[in-house]
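Student: Let me see the structure of the following:
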Amino acid sequence: MANHVSALKRVRQTETRTEVNRANRTRVRSSLRALREALVKGDVTAAQTQYRATVSLLDKSVQKGVLHDNTASRYKSRLNARLKALATAKA
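Tutor: Take a look at the predicted model:
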């Protein structure tokens, strides 16, 4: 256990940041799951709406340092490809 005042403060800050990061990560994963479920169901309008919300959350998570920029870009690219494939298959 930390004994110095500064070390104790760092422990408190780490706990707070861990909770914030966990909440952000959970929010992103839930949004990704909802989008994937909409894609599997084949609902184009719901998938497009969820895609916009998911991309927004991914970008915010990059700003907050929860996800790496390339990771978010990879997610967005793959999900957009699936969304386009679904939209063109329905059209």
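
Student: Low-confidence bits of this protein, can you list those?
Tutor: Scanning the chain for pLDDT under 70 picks out no residues.

Student: just checking, what's the longest helix in it?
Tutor: helix 5-41 (DSSP state H).

Student: Can you point out the buried residues in it?
Tutor: 24, 28, 31-32, 35, 38-39 (16 or more other CB atoms under 10 Å). For every residue, glycine as well, the C-beta is placed using N, CA and C.

Student: which secondary structure element contains residue 48?
Tutor: helix 44-64 (DSSP states H and E).

Student: same deal with residue 85?
Tutor: helix 69-90.

Student: surely residue 86 meets residue 38?
Tutor: No: when contacts are counted by CB atoms under 8 Å, residue 86 is not listed as touching residue 38 (9.1 Å).

Student: any common contacting residues for the two?
Tutor: Shared between the contact lists of residue 86 and residue 38 (criterion: CB atoms under 8 Å, 6 or more residues apart in numbering) are residues residue 47.

Student: Please consider this matter closed, and thank you.
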